[in-house]
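Undergrad: I'll drop the sequence and a predicted model, then ask my questions.
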Amino acid sequence: MMKKRILALLACGAVAAGTTMGLTACNSESGITVWAPNTQQELVKSLVADFLAENPDFNIPINVGICGENNAYAQMSVDVEASADVYGFANDQLMNLRNAGALARINDTTVAKLKAENDAKSVDAGKITEGGNDFYYGYPYAADNGFFLYYDKSVISEEQAKSVDTILEACTKARNKDFLFNMNDQPSWYLGSFYYGVGGEYTMEWDGSVLESAGSNFDQKPTGSEYSYGQIATQALIDLRANSHFVSCNDTIIAQELSADSFGACISGTWNAKVIKEKLGENYAVTKCPTFSSSLTPGEQYQMKPFIGYKLFGVNPYSKHLNEAHQLAAYLSSEAAQVKRFTDCGIGPSNLNAQQNESVKADAALNALWSQLEFAKLQESLPDSYWTAFDAIGSDIYGGKGETTAAARDKLVSTLISGLKVE
């Protein structure tokens, strides 16, 4: 679920994969430890049991420990050599984990298999380019970290759901309905979709896993335009903020709007599917992120370009059973494991065949997310300055600082561009 900003250090508590429950050592010479989130403990223990049943000659004990994917770097970096042999991680931690020496490379044969079986972006989520060559460090297993549009189809038609403008028109006509989008509560994960949507880019130069420089083209102008990408996108957000049927939201506000029967539509992710579906019932509908407009470019519609993130299994290069750890990681990310992960935990698979499973295909929220992969942006390892800069401009726009004059708006754009720069 989106980007985690605070990494909490967790103790290494591993429980046996079989019926015996108890603490075990991490990265033991006598066994393999795999870390998984608390909510997936029973699932992973079941998958480990399946793995051992299918591989009767595998005579190394496997222990399952607790560590959330978003805490992988925080926990691994404490002591890589004493950490898990196999662990799940969110792909935006890739560079930090590589810098910590916590990721073993995956061989070319296995990479070819991963590419053949998984969504291409999910495999690239584990890629690091070094010396002009691409190397891969993660086995993808989840492809459900992103955002899209939920809407009440009794208020907004399928056609109206295609554009923010027509969504707002429908909400206005209904009088008491709102369009929800996060603009002021650590909104950086969402706001880039407007800047990328108008044609802006944020680029990073890496030397292996070391960030050398970063910056945007937000000060540049599209061909034939008198305004820059940054000005067009910022004005679009200012326009949105000014609409009386716009509400800046987090998960709590989404729930409140649903309870108050004020929900018209919102931009959010799969984690809110259950609460929204339960409230809207037969009026529940989902689709790709909508297009939007900017008053600086009348008549133009721009497609929001949302982030998409993935979860992968990494293998600790210090594992005393390195080959076997790779074998286990491959199994835990296999088609069968991904289908079971969806069935038991509702986690969206990256495996192409698993995505065609009838139960997965019936999940409207996941399919809305995947329908926009052609224009979604892979959420890479981004510097802290990226999140800080976008959070700041979101709060400033929401606070009205860009609404008074063009100069006030352009000052916000200039500050954003400066904040995104890494030299």
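TA: Alright, I've got the coordinates.

Undergrad: SS state for the residue of the chain positioned farthest from its centre?
TA: Centroid-distance maximum for the chain: residue 57 at 37.6 Å, with CA atoms, centre = their mean. Following DSSP: H, G, I helix; E, B strand; the rest coil, the label given to residue 57 is coil.

Undergrad: Begin at 438 from now on, thanks
TA: That works, and once the first residue is 438, the last one we named lands at residue 494.

Undergrad: For it, give me the backbone phi and psi.
TA: Backbone torsions of residue 494, given as degrees, to the nearest 10, read phi -90, psi 0.

Undergrad: Contacts only, for it.
TA: Residues near residue 494 by CB atoms under 8 Å, 6 or more residues apart in numbering: none. Heads up, the C-betas are built off the backbone N, CA and C, glycines and all.

Undergrad: could you measure it against residue 763, distance?
TA: 16 Å (CB to CB, to the nearest Å).

Undergrad: cool, residue 616 as well?
TA: Counting by CB to CB - residue 616 and residue 763 are separated by 47 Å.

Undergrad: Have a look at these two and say which one is more surrounded.
TA: Higher neighbour count among residue 616 and residue 763: residue 616, with 25 against 21, using other CB atoms under 10 Å.

Undergrad: just checking, the more buried one touches residue 600?
TA: No: using CB atoms under 8 Å, residue 616 is not in contact with residue 600; the gap is 11.0 Å.

Undergrad: just checking, next helix/strand downstream of the lowest-mean-pLDDT helix or strand in the chain?
TA: In the chain, no helix or strand scores lower on mean pLDDT, DSSP states H and E than strand 451-453, which sits at a mean of 34. Once strand 451-453 ends, the next helix or strand along the chain (criterion: DSSP states H and E) is strand 469-473.

Undergrad: model confidence over that next one, on average?
TA: Across strand 469-473, pLDDT averages out at 97.

Undergrad: okay, the next helix or strand after that strand in CSV with CA atoms only?
TA: Sequence-wise, the next helix or strand downstream of strand 469-473 (DSSP H and E) is helix 478-491. Presented in CSV, the C-alpha positions along helix 478-491 are these (Å, rounded to 0.1, in the frame of the first residue of the first chain):
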residue,chain,number,x,y,z
GLN,A,478,2.4,-15.9,8.1
GLU,A,479,-0.1,-18.7,7.7
LEU,A,480,0.0,-18.3,3.9
VAL,A,481,3.8,-18.5,3.7
LYS,A,482,4.0,-21.5,6.1
SER,A,483,1.5,-23.3,3.9
LEU,A,484,3.5,-22.5,0.8
VAL,A,485,6.7,-23.7,2.5
ALA,A,486,4.9,-27.0,3.3
ASP,A,487,3.8,-27.3,-0.4
PHE,A,488,7.4,-26.6,-1.5
LEU,A,489,8.8,-29.3,0.8
ALA,A,490,6.1,-31.8,-0.3
GLU,A,491,7.0,-31.2,-4.0
